[in-house]
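Enquirer: sequence plus the predicted model coming up.
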Amino acid sequence: MDSKNKISRRTFVGTTASAAAFTVIPAVTFAANVGTEKIRLGYIGTGIQSHGLLKNLSKCPETVVIACCDVVSTKLEKFKGEAQQLNDAKWKGEKHEVTGYKNYRELLERKDIDAVVIATPDHWHAQVAVDAAKAGKDIYCEKPMALTVAEGRAMVNATRKYKRVFQTGNMQRSWRNFRHAAELVLNGYIGEIKEVNVCVGPPVKALDLPSVPTPSTVDWNMWVGPSFYRDYSPVLSPPVEDTHFPSWRNYREFGGGMITDWGAHMFDIAQWGLGMDESGPVEFNPPTEHAVIGLQMKYKNGVILNHANWGESNAVQFIGTKGIIEVSRGFLRSDPATIVETEIKSTDKRLYKSDDHYQDWINAIKKRTRPISDVETGHRTASLCNIANIAYELQRPLKWNPKKEHFIDDAAADRMLSRTYRGKWNFLDF
């Protein structure tokens, strides 16, 4: 798929009267430059992940929440109450009411919203992000950024066209240990890189859940949105009392399995250390039939990237001619052990430094610059993960052109770079 192509040129009109009447009007670019000029946020998706985002973004001195949206009324009310309490404590003496919406497009119509935080299930990311960009909103979108390669490219194109600031939720880039590991690798402290091992969970699987009656608190048709319809299951959208992350992420219709869920974190660090933020592997070689680990990927320069169980879960292992570096959220270590104690020289290549993923986004909004995990970076990481899923499903070797974003001489695989949308749910002509 050529990077300039769009997913569809048909207008998305939705299934409700309010959605059908909705028109996105590009807003004036936010131009705050100093001090505590308020950046007014709207949250789209108010499940478990949104509460962590709310807490972290509320620590940024400039932010105030004025709107939120969800198709599950109980989750919406819980988030709305928490956001209001944070507003009241942060902005004493000022009244900043949080308004709740069921249809996110009503939220986007508000011209007093500067930026949105997208924490929906993955199958909604692209549609909401494209709509938000067209509405003139800056965007924080949870990882994995997109459900398909085509959706990711559409998100990049919309962000660039409407000159938006887009931060992907790959927050490990704002953690010191991951940055230090990547800089050591990038500058040759373990010699020439031969192989990288990433251990994350299995690829996506087909949905096989029994249906149960839909609770009155859930607009299930809107929850399913652009994906093919299937009946409600609490595994996909658990009640608000549940404190575990829902399992929609494991199923093809709504997520990408652990390959994209944790892979969006760990393959992201591999790409960073290899200097491949705007590229990716050129070969994807899956393991034996029905295996769920063992995919080998190869870059043009010969470096091998493995989805492999190398002994640590949700972790990355860089293997060079002079040593090994291993990193996860729980450790940073090397062989020889002294490598990770090395200070990066001022003359070495340095990576973008961010110590706070959320403030980094806010700063970028104020300066109109690209944040540490810009939309193109998020797209490239998500693409690697999505192509890995395609390779596991097809169970045959694939050759990939990262520049043109299509498979080489493989029309069947190319068709899997996008997906079919249900009814009138589709992408805006942006």
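Expert: Cool, the structure landed.
Enquirer: where does the stretch 151-300 of the chain have low pLDDT?
Expert: By pLDDT under 70, the stretch 151-300 of the chain has no low-scoring segment.
Enquirer: number of residues surrounding V316?
Expert: 29 (other C-beta atoms under 10 Å). For every residue, glycine as well, the C-beta is placed using N, CA and C.
Enquirer: okay, it: pLDDT?
Expert: Per-residue confidence (pLDDT) for V316: 98.
Enquirer: distance of it from R110?
Expert: Taking C-beta to C-beta, to the nearest Å as the measure, V316 falls 41 Å from R110.
Enquirer: do E77 as well
Expert: 19 Å.
Enquirer: beta partners for the closest residue to Y101 other than its chain neighbours?
Expert: Spatial nearest neighbour of Y101, excluding adjacent residues (C-beta to C-beta, 6 or more residues apart in numbering): C69 at 4.3 Å. With DSSP bridges as the criterion, C69 is bridged to I44, Y101.
Enquirer: count of residues packed around C69?
Expert: Neighbours of C69 (other C-beta under 10 Å): 25.
Enquirer: distance of it relative to H96?
Expert: 17 Å.
Enquirer: over to the spatially most central residue of the chain: give its phi and psi.
Expert: Centroid-nearest residue in the chain: K143, 2.1 Å away (criterion: C-alpha atoms, centre = their mean). Here is the backbone geometry of K143 (degrees, to the nearest 10): phi -90, psi 160.
Enquirer: which residues sit in contact with it?
Expert: By C-beta atoms under 8 Å, 6 or more residues apart in numbering, the contact list for K143 reads 168-170, 264-265, 268, 378, 381-382.
Enquirer: format the residues you listed as CSV; extra columns: neighbour count and distance to R176.
Expert: Shown next, in CSV, are those (neighbours: other C-beta atoms under 10 Å; distance: C-beta to C-beta, whole Å):
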residue, neighbour count, distance to R176
T168, 32, 19
G169, 24, 18
N170, 27, 15
A264, 28, 20
H265, 24, 16
D268, 30, 16
G378, 29, 21
T381, 32, 20
A382, 30, 24
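Enquirer: show me those that map onto helices.
Expert: 264-265, 268, 378, 381-382 (DSSP state H).
Enquirer: closest to A129 among those?
Expert: G378 (10.1 Å; C-beta to C-beta).
Enquirer: give the contact list for the closest one.
Expert: By C-beta under 8 Å, 6+ apart, G378 lies in contact with 141, 143, 145-146, 152, 166, 168, 170.
Enquirer: repeat that for 10 Å
Expert: 125, 141-146, 152, 155-156, 159, 166-170, 264, 268, 277 (C-beta atoms under 10 Å, 6 or more residues apart in numbering).
Enquirer: that's a helix at W400, yeah?
Expert: No: W400 sits outside any helix when classified using DSSP: H, G, I helix; E, B strand; the rest coil, being strand.
Enquirer: pLDDT score assigned to it?
Expert: W400 is assigned a predicted lDDT (pLDDT) of 98.
Enquirer: equivalent analysis for the one 10 residues further on, please.
Expert: You'll see D410 listed with a pLDDT of 98.
Enquirer: pretty sure it is touching L394, no?
Expert: Yes: D410 is within contact range of L394, at 8.7 Å (criterion: C-beta atoms under 10 Å).
Enquirer: all helices of the chain, in order?
Expert: 17-20, 48-58, 73-90, 104-108, 125-134, 149-161, 176-186, 220-224, 257-261, 263-273, 357-367, 375-394, 411-414.
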